[in-house]
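Novice: sequence plus predicted model, see below.
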Amino acid sequence: MNEFIIIFISMLVSLIIGAVAMAFLGGGISLSYLRVKASKGKKILVWVDTPVGRKCHIGTFENGLKEGVVSWKYLGKTKLFSFDQKSIGDFHAVKYMSINLDSPVAHDLTSLGEKPKSKIDMHEFNHLLTRALTLPTVDEDVQAKILKIILICSVIAVLGVALLFFKITELGQAIANLGVI
C-alpha cells in the first residue's frame, strides 16, 4: 500500500508541475486562452502581428460585440481596433481575431483561408439523422446465421477443451497408477 501512495503522490506532483509549466512557460498563450474562456464571451483573444513576431493578447469588446471595436493593451498603451463579423473566429467557444499593429482594422479571416461558418438546415439534418438511425440492416438473417455459427463453434470448443482436460487427467492417473505398481 505504501508503494501505491508513493506512486500516486509522485504522479500528482508531476501533473501539477506540468500544468504550471504549460500555463506560465508556454509564452502565456495557454493562460490567455483560459482567461478568455472563463470570461464567457466578454473578452477576445487577439493575435497581434508586431515587428518582432506574433504575440497573443487579451482584448475587450467596447460596448459589446455588435459595436465592432476591440480594445487591448500593448506596451502600456490602450489600442483600439475596429472589426466586422468576418474578422472574428470562434474556436471552442473562444472568440479570436488577428490584427496587424500598423493597421487599425482587423484581418479578414475568410481571405486568410479560414472558412466561414456553414449554415446547416437543422430540419433536414434531423430527417437525415433519423433515417440513418432507423435504417434496417442489410440482411438480418445473415447476422442471425453468423451468430448461430459462432455460438455452435464456441460450444464445440468448450466441449473439446473439457474432453481434453478429462483425458489428460485420466492419463495422469494412469501414469500415477503405473508408478505405484
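Specialist: That came in fine, so what should we check first? Residues are numbered from 1 along each chain as shown.

Novice: what about residue 158, neighbour count?
Specialist: Neighbours of residue 158 under the rule other C-beta atoms under 10 Å: 10. For the C-beta atoms, the positions are set from N, CA and C on the backbone; glycine is no exception.

Novice: mind listing what the helix or strand bottoming out on mean pLDDT in the chain pairs with, with the direction of each?
Specialist: Within the chain, no helix or strand scores below strand 89-91, which has a mean of 74 by mean pLDDT, DSSP states H and E. Strand 89-91 has these partner strands in its sheet, going by DSSP bridges: strand 94-100 (antiparallel).

Novice: now do stretch 55-68: everything it contacts.
Specialist: Contact with stretch 55-68 is made by 27-29, 32, 35-36, 41-48, 69-74, 80-84, 88, 95, 97, as judged by C-beta atoms under 8 Å, 6 or more residues apart in numbering.

Novice: pLDDT (mean, whole number) over that stretch?
Specialist: What stretch 55-68 shows for mean pLDDT is 73.

Novice: how far does it sit from the chain's center?
Specialist: 27 Å (C-alpha atoms, centre = their mean, to the nearest Å).

Novice: stretch 37-46 now?
Specialist: Going by C-alpha atoms, centre = their mean, the spacing between the C-alpha centre of stretch 37-46 and its chain's C-alpha centre is 20 Å.

Novice: what about the closest residue to residue 50 other than its chain neighbours, neighbour count?
Specialist: Closest residue to residue 50 apart from its sequence neighbours, by C-beta to C-beta, 6 or more residues apart in numbering: residue 101 at 5.1 Å. Using other C-beta under 10 Å, residue 101 is surrounded by 13 other residues.

Novice: pLDDT score for residue 101?
Specialist: pLDDT for residue 101: 73.

Novice: using CSV, list the CA coordinates for stretch 6-14.
Specialist: Provided in CSV are the C-alpha atoms of stretch 6-14 (Å, rounded to 0.1, in the frame of the first residue of the first chain):
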residue,chain,number,x,y,z
ILE,A,6,4.2,7.0,-3.2
ILE,A,7,3.4,6.4,-6.9
PHE,A,8,0.1,8.3,-6.6
ILE,A,9,1.8,11.3,-5.0
SER,A,10,4.6,11.4,-7.5
MET,A,11,2.2,11.3,-10.4
LEU,A,12,0.1,14.1,-8.8
VAL,A,13,3.2,16.2,-8.3
SER,A,14,4.2,15.6,-12.0
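
Novice: now the helices for the protein?
Specialist: For the chain, the helices defined by DSSP state H cover 2-25, 29-38, 122-134, 140-180.
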